[in-house]
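Novice: turn this into a structure:
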Amino acid sequence: MGCSFGDTQLQGNHLEIMENNIPKITTRETEYLRSFYPSLSHLEAGRVAEWLQERKDQLLEQAQTAENEADAARVLGLLAAGVGTVCYAVNPFMLVGGMVGGAAWLWFVVDHYNRTKEIAPLPFVRGNFLDALSRAGDYDARQDYRINHLAETIKFLPRHNAQEYVFLYSDYFETVIDYLSQVEPGKRFYAYRWLLGWFEKFQGRSLPKKDQLDTHLQTVTIDSRVKVEEVRAIQETVVPRFVDLPKPNLVDLPHAQNQPALNATTNSTLPPNLGTMPLDERGLAVINALQLSGFKIDEMMGSQVIAIAGTQRGGKGTLAAILAILSSALDPNLNTQYFTAGVDVYPFACKLHSALKYSDKDSDTADRFIAQDLLMFLKGLDGSHPYSHKNLLLVIDEAMRLLSLLEESDRTWAIQYLLSRFAKTGGTLIIVLHGSNLTSVVGKATAGLANTFKQSVSFIGCVAKSVNVGGLRKINVASGEYFKANPNDFGSPVAGGQLGAVPEWLKTELHPGNGQPDPARTLLKLFPELQQHHTASESPSPIPRGEKLAPKDAVAHLESVFKKEAVEPEIVEVDDPLDDSALEKIVEIVHSAIALPVKFESIRKSRKWDKNSPSVPQLRKALLMLVEAKKLHGNEEVGYEIKS
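Specialist: Residues are numbered from 1 along each chain as shown. You can find the predicted model right below:
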């Protein structure tokens, strides 16, 4: 976004303030607050999504640090109190030390209760101590505790910061990005704080309409504290989307004599000296050319985690290869790790992990070993320091195939890590998914993480088209069109989410297998130094240590499970179904809810149960009975409402 508030006007206002010695609006008490945020110049320059994500990561790191300090304070306080109490007979002053330690421990317990209304006297026991005791004999409660682990950590933040994290973690995250991106530069930080205040005022139930925000900002002036030079410098570092480039001279293109003639679209997009440009400048030029051709490559790389989803042969792997090649062109030091099942791989430079690595094994066994390699790689990342892999690009093609070959516990761990913790490495993840929606990907074992995935991932959808290969025979090939996909239905785009189609000038090379245009191989003709032909290893890699492979009969079953549409959880018979009063209680909970439809977990955890909430099987059976009796309508996936 350009600097619409006008550099000259803002600079003039800034100089006028300095010359007239107008006092600052901030006080001594509030002046330091802005320093707690990521650089506000990036926000005002239009890097809204990156700034909000950085703020969310910052708050999470602060919460984890505070939690560690809280555990240390309770350990030392209890230890000092215990030693002082036991050893006071040896030295009376030990009792004084014990009293100091006990006072420190008591101060923390009181402070934590004042902030969260939870009694937490013991270190490493998160949440309310009485709830921890009740979880000891309740399997469902322990599962909920594990799922809500992040929420318990956030409680260690000061109350206002905790509310801000909830704001950034909520379903409104994309809406906030959209709002702030359209706000006039110089007013974005104020708008962010105003939206946060609205969110807190209405306890997270709503955000203002866009016209309400616009009307309010008309009464707000541009912040005089904006650092104009920093904003301008940041804006200039962003790759411009619309730049008129001179016509190319095909003789200067690398290997031009071996390329098919490019059509007229190329003549207005690629520069004439492309072949003589350094690698990174060539990458920028090609990105500009793609954008000018209507292919929004910059929006596709608008997140730290990119999920490419869609039908078979829809072009998912092609797009992953294009993004990886261009990323490597812009950063020659990028560490590209590429995991895929099978041996059909694009010939671009990367650290490849495919069945070629185990060329002496059959295809199923080789894929299982690749799945184990992926698991070991992810566990290595999980054990590293946060943001220590900023130059990492991890590409996982055939992700569902690889994950399905792991044992259930390892598969669950890998999915949870990719959904919730990979971003902390500082790297970028491109994952190719086969499935129709998010539920079919994450499965029941990762319940509670789907919303996290939706908020923090850029979903890109694609579709296949059928082409005639002679006679009545047809094959499915990629259409070349991409869109921002709805996480609930990968086959449908979000409103205004069209990302364009691969331009014709990027379809001159043919795939050696099906003879159809291959954009990834065409792109490599422009970056010959990024080509790398992958062949079977002459000395096959050893079997991974400690591998745990699923039996062959389980593989087919798991693959089918991952590809199933989202279905209602199976209702099992229970020995002690809920009575009529409990059924009426459920109807009362749904009827009194503020936000509709009411989610399954919200019903089970309602305070109206007076700590006698039903088990998951009991509640599922009861809800099914109420739906069949037409007292409620809905399902566990979308929620429940009163039957009108």
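Novice: in the stretch 451-600 of the chain, which spans are strands?
Specialist: Taking DSSP state E, counting those that start in this stretch, the strands of the stretch 451-600 of the chain run over residues 457-470, 473-486, 489-501.
Novice: next one: the stretch 201-350 of the chain
Specialist: 305-310, 335-339.
Novice: any residues touching the longest one, and which ones?
Specialist: Put plainly, it is strand 305-310. 300, 316, 319-320, 323, 418, 422-423, 428-435, 456-464, 485, 490-491 (C-beta atoms under 8 Å, 6 or more residues apart in numbering). All C-beta atoms are positioned from the backbone trio N, CA, C, and that covers glycine.
Novice: one more time with 7 Å, if that's ok
Specialist: 300, 316, 319-320, 422-423, 429-433, 435, 456-463, 485, 490-491 (C-beta atoms under 7 Å, 6 or more residues apart in numbering).
Novice: ditto for the last one
Specialist: With contact meaning C-beta under 7 Å, 6+ apart, strand 335-339 is reached by 324, 328, 350-353, 370, 374, 377, 391-396, 402.
Novice: of the residues you listed, grab the buried ones for PyMOL.
Specialist: In PyMOL syntax, the buried subset of the contacts of strand 335-339 is picked out as below (16 or more other C-beta atoms under 10 Å):
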select buried, resi 324+328+350+352+353+370+374+377+392+393+394+395+396+402
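Novice: in helices only, show me the contacts of strand 335-339.
Specialist: Cross-referencing the contacts of strand 335-339 against helices under DSSP state H gives 324, 328, 370, 374, 377, 402.
Novice: the third one - nearest residue in space that isn't next to it in sequence?
Specialist: Nearest in space to residue 370, with sequence neighbours left out and distances taken as C-beta to C-beta, 6 or more residues apart in numbering, is residue 353 at 5.6 Å.
Novice: cool, the fifth one as well?
Specialist: The spatially closest residue to residue 377, leaving aside those adjacent along the chain, is residue 337, at 6.9 Å (C-beta to C-beta, 6+ apart).
Novice: partners of the one you found in the sheet?
Specialist: Listed beta-bridge partners, residue 337: residue 351, residue 394 (assigned using DSSP bridges).
Novice: please, where are all the helices along the stretch 251-400 of the chain?
Specialist: Taking DSSP state H, counting those that start in this stretch as the test, the helices found in the stretch 251-400 of the chain are 264-267, 279-292, 297-300, 316-330, 363-382, 399-404.
Novice: and the stretch 51-200 of the chain, by the same measure?
Specialist: Under DSSP H, counting those that start in this stretch, the stretch 51-200 of the chain gives helices at 92-116, 129-135, 139-147, 149-154, 159-169, 173-181, 188-201.
Novice: could you dump these into CSV and include distance to residue 84 and mean pLDDT?
Specialist: Formatted as CSV, the helices of the stretch 51-200 of the chain follow (distance: least, C-beta to C-beta, whole Å; pLDDT from 0 to 100):
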stretch, distance to residue 84, mean pLDDT
helix 92-116, 2, 74
helix 129-135, 23, 64
helix 139-147, 34, 58
helix 149-154, 31, 70
helix 159-169, 33, 86
helix 173-181, 49, 86
helix 188-201, 43, 91
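Novice: of all those, which lies closest to residue 411?
Specialist: Ranking the helices of the stretch 51-200 of the chain by proximity to residue 411 (C-beta to C-beta) places helix 139-147 first, at 16.3 Å.
Novice: quick one, which of the strands of the stretch 201-350 of the chain is packed in tightest?
Specialist: Of the strands of the stretch 201-350 of the chain, the one with the most neighbours on average (mean count of other C-beta atoms under 10 Å) is strand 305-310, at a mean of 24.
Novice: who does it pair with, and is each partner parallel or antiparallel?
Specialist: Here, using DSSP bridges, strand 305-310 pairs with strand 428-434 (parallel), strand 457-470 (parallel).
Novice: same question for it, mean pLDDT?
Specialist: For strand 305-310, the mean per-residue pLDDT is 84.
Novice: give me the nearest residue to residue 355, chain neighbours excluded.
Specialist: Residue 355 sits nearest to residue 366 (C-beta to C-beta, 6+ apart), 3.8 Å away.
Novice: wait, the one you found touches residue 354, no?
Specialist: No: counting by C-beta atoms under 7 Å, residue 366 stays clear of residue 354, with 8.2 Å between them.
Novice: just to revisit the earlier point, return the member of the strands paired with strand 305-310 having the minimum mean pLDDT.
Specialist: strand 457-470 (a mean of 71).
Novice: okay, the residue nearest to residue 377: pLDDT?
Specialist: 93.
Novice: if we can go back for a sec, so for residue 187, which of the helices of the stretch 251-400 of the chain sits nearest?
Specialist: helix 297-300 (23.9 Å).
Novice: name the residues of the closest one that are buried.
Specialist: Neighbour-count burial for helix 297-300 flags 297, 299, 300 (criterion: 16+ other C-beta under 10 Å).
Novice: rebuild those as JSON lines, extending it with distance to residue 495 and pLDDT.
Specialist: Shown next, in JSON lines, are those (distance: C-beta to C-beta, whole Å; pLDDT from 0 to 100):
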{"residue": "297", "distance to residue 495": "21", "pLDDT": "87"}
{"residue": "299", "distance to residue 495": "14", "pLDDT": "84"}
{"residue": "300", "distance to residue 495": "18", "pLDDT": "85"}
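Novice: mind putting these in TSV, distance to residue 49 included?
Specialist: Listed next are those as TSV, based on distance: C-beta to C-beta, whole Å:
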residue	distance to residue 49
297	16
299	10
300	13
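Novice: tell me the one of those nearest residue 641?
Specialist: residue 299 (35.8 Å).
Novice: grab the nearest non-local neighbour of that closest one.
Specialist: residue 499 (6.1 Å).
Novice: check residue 533 too.
Specialist: residue 347 (4.9 Å).
Novice: that neighbour contacts residue 532, correct?
Specialist: Yes: counting by C-beta under 7 Å, residue 532 is a contact partner of residue 347 at 6.0 Å.
Novice: for these two, indicate the residue with more neighbours.
Specialist: Comparing residue 347 with residue 532 by other C-beta atoms under 10 Å, the one with more neighbours is residue 347, at 17 against 13.
Novice: list the contacts for that one?
Specialist: 524, 531, 532, 533, 534.
Novice: let me see the backbone angles for it.
Specialist: Note on residue 347: its backbone torsions stand at phi -80, psi 60 [degrees, to the nearest 10].
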